[in-house]
Every structure is written in C-alpha cells, then in structure tokens.
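*Asks:* with the input below, show me the fold.
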Amino acid sequence: MDEIIKIDNLTYSYPDGRRALTGINLSVWRGDSIAIIGPNGAGKSTLLLHLNGIIRGENGVKIFAEPITDKNLKEVRRRVGLVFQNPDDQLFSSTVFEDVAFGPMNLGYSEAEVRQAVTAALEKVGMSGFEQRSSHHLSLGEKKRIAIATILSMSPEVMVLDEPTSNLDPRGKWLLVELLLKLPVTRIIATHDLEVVAALCNRVVILDGGRIAADDTVERILNDADLLEAHGLSRPAGIKSASESAFPFPG
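*Replies:* Predicted coordinates for the structure are as follows:
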C-alpha cells in the first residue's frame, strides 16, 4: 500500500504553553477513510491543521514522503485539501465562482483551465448553476458544498474535513454523506457524529488529551462501548452492525 501521510512523534504546544498534541504517530494510506474522534479539547482540529502546514509542531509530518516546508507548501495544500468546520471561514469572495476559482488561480491555471476546474468541482458537489450566486446568501448545507468545491477545484488526493456535518439537519447531513462517499479521494474526518463515522470511514483514531488512545477498524471501535465511554463517547442506538446498516461499514 502507498503511505501518503506519515506523522512521527508530533508534539505541539499553543503559544500560551498549553500542550495540545503529544507523541502523535500516525500513518495514512492511499484510499483510507479515517475518522478522528474524541471529546472536546482532545486536539482533533489542531491535528488536522498540521496536515497542510497551517500550523507546524515539533518533529515530523511528511506528506507524500516529503516534510512540509515553505518551498513545497503550495503543492502540499493542493494535494491535501482542508475543509473547515465553518464554511464562512473558507468563503470570502463576492460570488461562488470566485470562491471556487481562488485555488486554481493561485496555482497558475490559465483562464480556460480555471473555468473548467470550477465547472467540474461544482458539478461534483451538485451546485452547477450557482456560479454567480453570493456564497454568503446560501443555506448552510449549500455553503458546505461550496467549501468542498473550493478544494475539489485543485484536484486534491487527500481531503481533510473538520466536523463536516455539524449543525446540519438530518436530511442535509445524509445528503452530504452521500456526496462524500462518491469522491474518489483519501479522507480524514474529525467528527463527533458516530453515525457519520459508520457511514464514511473504514478506520477510527481516538484522540484524547492530545494523545492517540486507539487506532483500529471502524467496526471494532464503534462496537467497543467501554472504550468509547472511557473517552467521553457513546455508541448511538442508531448505529447498527455492518450487515444491517443502510450505510454499511466501508472496507
């Protein structure tokens, strides 16, 4: 298998000295769909921000066998797309087209290539025809789709998503899950929603107190009620076994 992200003994402290991550060791293989779960304050978002160089801690994060440096940062961010929890943190232009075109333009695409990339990305998220709409006047579910399109327009190999279904109603949540299942990329998803984990992921990493407490298949983790409870999580009654679920465990 192709190891595309390698984290070796990563440690990170906030500017105030508070330790956020300690001794993180993690390998991500091409085709993985990994859930990062854990209680509030576990370090999930902080870990995600290391994966495309927004923050950098002590020791190593390698992306496609290369450490993240100022020199390769633009290419890292093309290959590893990060979707923030709040789409308003990602959408800042006056139109949807400009938001989705921002990445390709900064990568030096020609005008024709930019238009092609935007069209393809919006089609993938079911938002064709929204090019001239204002992102800020869309519904939350539509904004989340546009935020994903801003990453897809750069043809990433890895998508990193922070709480992608937060604050969506049930219909919006499952529509977004259906969309993500169709995207042929490696996925790393931080979420509190274990139904989403069951639907989207083949592997689960439990993060607690800035340390990895468990790393196993989705079925083993989600069926271990004692393990989940020990880390402030609970297995919802709605999660069924792989053979029974309408969204079976992948893998």
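
*Asks:* going by C-alpha atoms from here, please, whenever you check contacts or count neighbours.
*Replies:* Will do.

*Asks:* now the helices for the stretch 101-250 of the chain?
*Replies:* 111-124, 140-152, 170-182, 194-200, 218-222, 225-230 (DSSP state H, counting those that start in this stretch).

*Asks:* most tightly surrounded among those helices?
*Replies:* For the helices of the stretch 101-250 of the chain, average neighbour numbers computed from mean count of other C-alpha atoms under 10 Å are highest in helix 140-152, which has a mean of 25.

*Asks:* tell me the mean pLDDT for it?
*Replies:* For helix 140-152, the mean pLDDT works out to 96.

*Asks:* give me the helices and strands touching it, please.
*Replies:* On a contact count with 3 or more C-alpha pairs under 8 Å, 6 or more residues apart in numbering; DSSP states H and E, helix 140-152 meets strand 80-83, helix 96-106, helix 111-124, helix 170-182.

*Asks:* quick one on the thing from earlier: looking at the helices of the stretch 101-250 of the chain, which is closest to residue 99?
*Replies:* Of all those, it is helix 140-152 that lies closest to residue 99, at 6.4 Å by C-alpha to C-alpha.

*Asks:* coming back round to it: need the helices and strands packed on helix 140-152 in JSON lines with mean pLDDT, can you?
*Replies:* Shown next, in JSON lines, are those (pLDDT from 0 to 100):
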{"stretch": "strand 80-83", "mean pLDDT": "96"}
{"stretch": "helix 96-106", "mean pLDDT": "96"}
{"stretch": "helix 111-124", "mean pLDDT": "97"}
{"stretch": "helix 170-182", "mean pLDDT": "94"}
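
*Asks:* so can I have TSV of the ones you listed showing distance to residue 133?
*Replies:* Output for the helices and strands packed on helix 140-152, formatted as TSV (distance: least, C-alpha to C-alpha, whole Å):
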stretch	distance to residue 133
strand 80-83	20
helix 96-106	6
helix 111-124	12
helix 170-182	20
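
*Asks:* quick one, which of those gets closest to residue 15.
*Replies:* strand 80-83 (22.6 Å).

*Asks:* what about the closest residue to residue 176 other than its chain neighbours, how many residues close to it?
*Replies:* Setting aside the residues directly before and after it, residue 176 is nearest to residue 165 in space (C-alpha to C-alpha, 6 or more residues apart in numbering), at 7.2 Å. Neighbour count for residue 165, taken as other C-alpha atoms under 10 Å: 23.

*Asks:* I'd say residue 165 and residue 178 touch.
*Replies:* No - look at residue 165 against residue 178 with C-alpha atoms under 8 Å: they stay out of range, at 11.5 Å.
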